[in-house]
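Peer 1: Quick one, what's the 3D model for this:
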Amino acid sequence: MRHTLKTILTISSLLFLAAATQPTPPRPDAPANKPENKKVAEIGEPAPLFALKDQHGKTHTLKEYEGKIVVLEWFNERCP
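Peer 2: Numbers count the residues shown, from 1 in each chain. Predicted coordinates:
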């Protein structure tokens, strides 16, 4: 009985490890947004106007925060 349980646990562990080491299929990339007019921010100059959605889906524009200090922070779940 003890030998059978040990064999089952060993085989189960090996199967789990084999499945865990398989590469995941690549996720389809989001459609590429290629702006026609690329603006580059210059040091000492106002940033180009843009709009972003927050975690609640509300759109915020840079214009809303004119005259205030703005710090942008975000994460990328695909970042290695």
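Peer 1: only C-alpha atoms for contact and neighbour calcs from this point on.
Peer 2: Noted.
Peer 1: so where's the protein uncertain?
Peer 2: 1, 27, 29-39, 79-80 (pLDDT under 70).
Peer 1: where along it do the strands fall?
Peer 2: Here the chain has its strands, by DSSP state E, at 51-53, 59-61.
Peer 1: Against which helices or strands is the first one packed?
Peer 2: Packed against strand 51-53 by the contact rule (3 or more C-alpha pairs under 8 Å, 6 or more residues apart in numbering; DSSP states H and E) you find strand 59-61.
Peer 1: Please name every helix or strand in contact with the strand it packs on.
Peer 2: strand 51-53.
Peer 1: what's in contact with the strand it packs on?
Peer 2: Identification of contacts with strand 51-53 by C-alpha atoms under 8 Å, 6 or more residues apart in numbering yields 59-62.
Peer 1: Would you convert these into TSV that also reports distance to residue 41 and neighbour count?
Peer 2: Converted to TSV, the contacts of strand 51-53 look like this (distance: C-alpha to C-alpha, whole Å; neighbours: other C-alpha atoms under 10 Å):
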residue	distance to residue 41	neighbour count
59	21	10
60	19	13
61	16	12
62	13	14
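Peer 1: Export the strands of the chain to a markdown table and append columns for distance to residue 22.
Peer 2: Listed next are the strands of the chain as a markdown table, based on distance: least, C-alpha to C-alpha, whole Å:
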| stretch | distance to residue 22 |
| --- | --- |
| strand 51-53 | 35 |
| strand 59-61 | 39 |
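Peer 1: Just tell me which of the ones you listed ends up closest to residue 24.
Peer 2: strand 51-53 (28.9 Å; C-alpha to C-alpha).
Peer 1: The closest one pairs with which strands?
Peer 2: Here strand 51-53 has these sheet partners by DSSP bridges: strand 59-61 (antiparallel).
Peer 1: now the partner strand, how far from the chain's geometric center?
Peer 2: Chain-centre distance of strand 59-61: 20 Å, with C-alpha atoms, centre = their mean, to the nearest Å.
Peer 1: Over to stretch 5-19?
Peer 2: Relative to its chain's centre, stretch 5-19 lies at 33 Å (C-alpha atoms, centre = their mean).
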